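1. the sequence isn't on hand, but the structure is:
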């Protein structure tokens with residue numbers, strides 16, 4: 001009998017080390033571009049039949065008779081699984097919603113804080129490496145959400161479970177790799193939506209309340225300070241939470257720094273790199289060594305593994321550790337600029353369209369287009 005499991009259940013099986021064979025039935029080019037670590041590719045389309053050679057491959061995987069099949073949306077993995085059942089496999093499962101649902105799996109990692117009134121929760125969008133935050137005060141029972149993704153209910157649930165009411169929604173910048181959930185979440189809750197004051201230079205058409213460099217937001221006795229940190233984009237801001245944690249957006253990651261040519265273009269990428277160098281050295285590295293750096297992304301490989309850390313574990317580091325261990329932070333300005341300009345990775349797919357949507361100048365045609373635009377890992381690090 002073919003069983004149906006959720007993408008969340010698949011994540012649990014992978015993390016627990018359960019013994020099974022994961023089979024990806026998408027075309028080879030889709031599989032090569034983005035896949036789950038350990039998945040075997042057996043392309044299977046409408047009207048296809050499993051070949052003897054493919055059956056031999058599956059028998060040789062060494063993970064027993066348990067098989068889980070996944071495709072783009074669950075449309076080809078299901079008939080593939082029925083084919084397996086017809087060939088005598090009696091322990092076959094299909095991932096409901098396929099890679100589309102896999103792209104919406106979230107984990108939550110709490111952040112240890114010195115102030116027992118402060119709550120910081122990191123929401124990890126596993127397949128893309130997007131990191132958003134719920135930041136709140138226990139005593140005031142109020143919170144802000146920073147860099148929410150399109151699955152806004154995830155942030156509502158996390159805040160509610162923590163006993164917090166979301167009072168404001170903040171974005172660090174105009175994102176290029178995924179559709180922001182900021183305007184949507186603010187509208188759903190009828191609360192203010194914030195960007196840095198230089199967002200007017202990006203032509204943002206959403207209603208938002210600008211935050212100037214040094215401006216603060218208060219949640220009871222918890223203070224969140226806005227720091228203008230241009231480089232990845234001109235309007236980028238970081239949020240210093242109660243003097244102990246810095247939400248860095250795409251300015252500084254645990255494993256790298258933000259790339260600069262997505263807004264500035266290849267010709268002016270050096271200008272963005274110069275701004276980024278100044279933001280890092282004149283603002284971020286001037287903070288106390290114990291400041292916890294909490295980025296907006298973690299890099300994800302093509303086979304869906306985190307470059308640093310693991311899903312469900314906090315992605316972050318003390319500033320003094322990054323200062324000592326992240327090579328890019330030890331370069332002088334010329335070396336830093338050259339490194340970013342000469343080693344820019346492949347641009348995220350559809351990034352120009354995503355930017356249009358995140359400035360409010362365009363809207364996705366429908367839910368299917370929004371989903372398609374976001375498939376695959378983020379690619380925002382230099």
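-> Looks like it arrived, so ask away. Predicted model only: the values in this text are computed from it and were never measured.

2. and the nearest residue to residue 313 once chain neighbours are set aside, what is it in contact with?
-> Using Cβ to Cβ, 6 or more residues apart in numbering and skipping residues adjacent in sequence, the residue nearest residue 313 is residue 109, 6.2 Å away. The C-beta positions use only the backbone N, C-alpha and C, and glycine is treated the same way. Residue 109 makes contacts with 121-122, 124, 312-315, as judged by Cβ atoms under 8 Å, 6 or more residues apart in numbering.

3. how does it look with 10 Å?
-> For residue 109, the contacting residues are 120-124, 131, 294, 309, 311-316, by Cβ atoms under 10 Å, 6 or more residues apart in numbering.

4. spell out the secondary structure type for it.
-> strand (DSSP: H, G, I helix; E, B strand; the rest coil).

5. what about it, distance to residue 37?
-> Using Cβ to Cβ, to the nearest Å, one gets 20 Å for the distance from residue 109 to residue 37.

6. and for residue 305?
-> As defined by Cβ to Cβ, residue 305 lies at a distance of 5 Å from residue 37.

7. these two - which one has more neighbours?
-> Taking neighbours as other Cβ atoms under 10 Å, residue 305 and residue 37 compare with residue 305 leading, 15 against 11.

8. go ahead and confirm that one touches residue 34.
-> No. The pair residue 305 / residue 34 is not scored as a contact, 11.9 Å apart, by Cβ atoms under 10 Å.

9. common neighbours of these two, please.
-> What both residue 305 and residue 34 touch, as defined by Cβ under 10 Å, 6+ apart, is the set residue 377.

10. from the structure, what's the count of residues near the closest residue to residue 100 other than its chain neighbours?
-> With Cβ to Cβ, 6+ apart as the criterion, residue 100 has its nearest non-adjacent residue at 5.1 Å, and that residue is residue 73. Applying other Cβ under 10 Å, we find 17 residues neighbouring residue 73.

11. contact partners for residue 73?
-> Applying Cβ under 10 Å, 6+ apart, the residues near residue 73 are 26, 95-101, 368, 371.

12. 8 Å - rerun?
-> Residues near residue 73 by Cβ under 8 Å, 6+ apart: 97-100.

13. from these, which two are the most distant?
-> 97 and 99 (8.3 Å; Cβ to Cβ).

14. please identify which of these two sits among more neighbours.
-> residue 99 (26 against 18).

15. partner residues bridging the residue nearest to residue 313?
-> Under DSSP bridges, the beta-bridge partners of residue 109 are residue 122.

16. now do it against residue 123, distance only.
-> According to Cβ to Cβ, residue 109 stands 8 Å off from residue 123.
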